[in-house]
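> I'll drop the sequence and a predicted model, then ask my questions.
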Amino acid sequence: MNRVAVITGGAGGMGQATAQIVGADHTVVLADVRADRLDAAAAALGDLGIKLTAVNCDVTDRQAVTQLFETASGLGTVASVIHTAGVSPSMGDAEYVMRTNALGTLHVNEVFYQAAGEGSAIVNVASMAAHMLPTEMIPTATFPSALTDADAFLADMLAACEIAPEEARSGIAYALSKSFVRWYSTAQAERFNGRGLRIVSVSPGSIDTEMGRLEEQAGAGAMVADAAVPRWGRPEEMAALLAFCASDKAGYLTGTDILNDGGVIASMAERARKAAEKG
């Protein structure tokens, strides 16, 4: 039976690059909310010989996500999900960012949990932003409520963004939503393992994609020059890691986040330490 890999955000740079790798030995279900871009991505991948089915899907719509998995299951055994769908702070207000990144991740993962068979894996894309906020700013105690009352969870998360001025709240929402993705991918590992499933998150740094470049003038671009590897990451580099995490070769990998940021966080921490020493 066909092994199926689902890629959300499939019209994006990382999604397409990942499809090129996993498409070598999987049937790919390429999902994206942007129908025109999805069609263009599917055509480009088809020209490369990738066998795929394109599904227009809004991850903030739980029913649409359920239908996505029904489509995938109808094509074979769902072996993996690589959840790259998400938005940056420059793409909308705090609620839009939080709903897409946090609730979208919740929907995709919870439907995967119900629908996938033993041995399947899901890889969520978090962000180096999830490693940058002070611990006291992250409303971790609120996170578990996402599993029982998504509306209350969303309201509490947006309230947590109110510590910042209005113009900065989408940025805070991004960091908090990706902190939730990171938390969920560790906190739910034991539950997922009870069904024979693996769950991992990957936290990219500044990646040279259309969405990544939107933040070039918003702070992330400056961090590139300060990284241990002072350049933008390539989509192909992220795709190789995402595909590995989803593969059977990573069968012992679960319940963790992998920071792949060119050393930005490490460099920031070391510079802060040296500055404190000079104090």
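Sure thing, it's come through. This is a predicted model, so every value here is computed, not measured.
> Could you use CA atoms for every contact and neighbour count after this?
OK.
> what about the strands in the stretch 101-250 of the chain?
Along the stretch 101-250 of the chain, counting by DSSP state E, counting those that start in this stretch, strands occupy 121-125, 198-204.
> could you dump those strands to JSON lines with distance to residue 96, mean neighbour count and mean pLDDT?
Below are the strands of the stretch 101-250 of the chain laid out as JSON lines (distance: least, Cα to Cα, whole Å; neighbours: other Cα atoms under 10 Å; pLDDT from 0 to 100):
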{"stretch": "strand 121-125", "distance to residue 96": "17", "mean neighbour count": "28", "mean pLDDT": "98"}
{"stretch": "strand 198-204", "distance to residue 96": "20", "mean neighbour count": "26", "mean pLDDT": "97"}
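> can you put those in JSON lines and add distance to residue 37?
Formatted as JSON lines, the strands of the stretch 101-250 of the chain follow (distance: least, Cα to Cα, whole Å):
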{"stretch": "strand 121-125", "distance to residue 37": "20"}
{"stretch": "strand 198-204", "distance to residue 37": "23"}
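> So for residue 191, which of these sits nearest?
strand 198-204 (9.7 Å; Cα to Cα).
> and that closest one, what does it pack onto?
Packing partners of strand 198-204 (3 or more Cα pairs under 8 Å, 6 or more residues apart in numbering; DSSP states H and E): strand 121-125, helix 169-187, helix 189-193, helix 235-246, strand 256-260.
> got the angle for that strand vs strand 121-125?
Here strand 198-204 runs at an angle of 20 degrees relative to strand 121-125 (axes from the mean of the first three to the mean of the last three Cα atoms, to 10 degrees).
> strands paired with strand 198-204, and their directions?
Here strand 198-204 has these sheet partners by DSSP bridges: strand 121-125 (parallel), strand 256-260 (parallel).
> Any idea which of those strands gets closest to residue 32?
It is, among those and with distance given as Cα to Cα, strand 121-125, at 14.8 Å.
> quick one, which of the strands of the stretch 101-250 of the chain is nearest to residue 235?
strand 198-204 (9.9 Å).
> isn't residue 172 right next to residue 161, touching?
Yes - in this structure residue 172 lies within contact range of residue 161 using Cα atoms under 8 Å: 5.8 Å.
> re earlier: would you list the strands paired with strand 198-204 in CSV and tack on distance to residue 49?
Output for the strands paired with strand 198-204, formatted as CSV (distance: least, Cα to Cα, whole Å):
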stretch, distance to residue 49
strand 121-125, 24
strand 256-260, 29
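> To residue 84, which of these lies closest?
Closest among the strands paired with strand 198-204, once you apply Cα to Cα, is strand 121-125, at 5.3 Å.
> Name the residues that touch the closest one?
Here strand 121-125 makes contact (Cα atoms under 8 Å, 6 or more residues apart in numbering) with 79-85, 105, 109, 112, 181, 185, 197-204, 242, 245-247.
> and what of stretch 92-102?
With Cα under 8 Å, 6+ apart as the criterion, stretch 92-102 contacts 59-60, 85-89, 91, 154, 157-158, 161, 169-174, 176-178, 180-181.
> any idea of the mean pLDDT for it?
Mean pLDDT, stretch 92-102: 97.
> Endpoints of that stretch, how far apart?
End-to-end distance of stretch 92-102 (Cα to Cα, to the nearest Å): 14 Å.
> Report the buried residues of that stretch.
By 16 or more other Cα atoms under 10 Å, the buried positions in stretch 92-102 come out as 93-102.
> any idea which of the helices and strands packed on strand 198-204 is most buried?
strand 121-125 (a mean of 28; mean count of other Cα atoms under 10 Å).
> ok, back up a step: let's have the buried residues of stretch 92-102 in a markdown table, adding secondary structure.
Below are the buried residues of stretch 92-102 laid out as a markdown table (DSSP: H, G, I helix; E, B strand; the rest coil):
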| residue | secondary structure |
| --- | --- |
| 93 | coil |
| 94 | helix |
| 95 | helix |
| 96 | helix |
| 97 | helix |
| 98 | helix |
| 99 | helix |
| 100 | helix |
| 101 | helix |
| 102 | helix |
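> from those, which single one is nearest residue 32?
residue 100 (12.2 Å).
> pLDDT below threshold where in the stretch 51-200 of the chain?
Applying pLDDT under 70 to the stretch 51-200 of the chain flags no residue at all.
> Before I go, just wanted to say thanks for your time.
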